[in-house]
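need the 3D shape of this:
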Amino acid sequence: MKTQREDDDADKADRWLISYADLITLLFAVFVVLYAYSQVNEGKYKALSESLGEAFGRSGGGLLPAAGRVVGNQPAPTAIDPRVAQRIALRHRTAAGMRDALKGMLEEDKVRITETPDGVVIDFTASALFDTGVAEPSAEARAAVRAAASLVAATEYLVTVEGHSDDTPISNRVFASNWELSAARAAAVARLFEAEGVSGQRLTAQGFGPNRPIANNDNAEGRARNRRVMAILKEPPTPPI
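Purely as a prediction, here's the structure:
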């Protein structure tokens, strides 16, 4: 009897191996399924499903759902806010209209038109609009600016006109420094926008003088690039839904 009891105790002591083996088998199956979910190949997926079904004693089909019904394998479609779509379409139309209206200046590299996440920037070289040391646009320049302004008038864009200069000092009877010159040029362009129907409440004119260069003032080409007037079109704040 003693020998038989010792054998029973030994059997009981080893029974945990069976549970451990079952656990390892189940974990292996889980990881195989996870791998299958991340790397879906319809043929291999079906074969895996059938093999698992047989291994777990299920007949008449696979253990896994059909590959076309795997949840989470395909990214959910994202719907764009209609208001965002309208703003993007308006931005594209406005920029395209500007390029058409200012085609001659674009071909001569006298203006650059850039789309931004919230509007459009029209960057005129000063020489395209003004004579040296003057803040009154030429007749040709007025026609070009008004053509651009008429497109803006049909939108709700807020317009900030910035005047910039190079660092060459200026002092004459009209302008004591580049501050005054750049501000006067910005105001002159803003007036042309207002004349074409852009409300003054949507307009801002600023002069920065030589303090925001975009090129090196050590050479003539850089100084010419720094002498510019920018019309920055920005979408008004979107009201909450």
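
how about the strands in this structure?
Per DSSP state E, the chain carries strands over the ranges 111-116, 119-125, 158-164, 203-207, 228-234.

touching, Y157 and T204? I think so.
No. Assessed by Cβ atoms under 8 Å, Y157 is found out of contact with T204, at 11.9 Å. Placement of C-beta: from N, CA and C, glycine included.

compare those two (neighbour count), which wins?
More crowded of Y157 and T204, by other Cβ atoms under 10 Å: Y157, with 23 against 15.

measure that one to G133 for me?
Separation of Y157 from G133 (Cβ to Cβ, to the nearest Å) stands at 31 Å.

for stretch 121-140, measure first residue to last.
One end of stretch 121-140 to the other measures 21 Å (Cα to Cα, to the nearest Å).

got the contact list for that stretch?
98, 102, 105, 108-114, 141, 144-145, 148, 164-165, 170, 172, 174-175, 181, 184-185, 187-189, 192, 224-225, 227-233 (Cβ atoms under 8 Å, 6 or more residues apart in numbering).

would you list the buried entries among these?
Neighbour-count burial (16 or more other Cβ atoms under 10 Å) is assigned, among the contacts of stretch 121-140, to 98, 102, 105, 110-111, 113, 141, 144-145, 148, 164-165, 170, 175, 181, 184-185, 187-189, 192, 225, 227-233.

which residues does the residue positioned nearest the centre of the chain contact?
The centroid of the chain falls nearest to P117 when counting by Cα atoms, centre = their mean (5.5 Å). Under the criterion of Cβ under 8 Å, 6+ apart, P117 has no contact partners.

same check on R185?
A126, L129, F130, A135, G163, G207, V229.

count of neighbours near Y20?
10.

over to the one 5 residues further on?
As a burial measure, the neighbour count of T25 was computed by other Cβ under 10 Å and equals 11.

from D118, how far out is it?
58 Å.

I214 now?
Applying Cβ to Cβ, the value for I214 to D118 is 20 Å.

what about those two, which has more around it?
D118 (16 against 11).

what's the closest non-adjacent residue to the more buried one?
E235 (4.9 Å; Cβ to Cβ, 6 or more residues apart in numbering).

if I pick the one you found, what's in contact with it?
Contacts of E235 by Cβ under 8 Å, 6+ apart are R87, R91, D118, G119, E156, Y157, L158.

where does it land on pLDDT?
You'll see E235 listed with a pLDDT of 92.

what do you get for A85?
In this model, A85 carries a pLDDT of 88.

any idea how far it lies from H92?
Distance from A85 to H92, by Cβ to Cβ: 11 Å.
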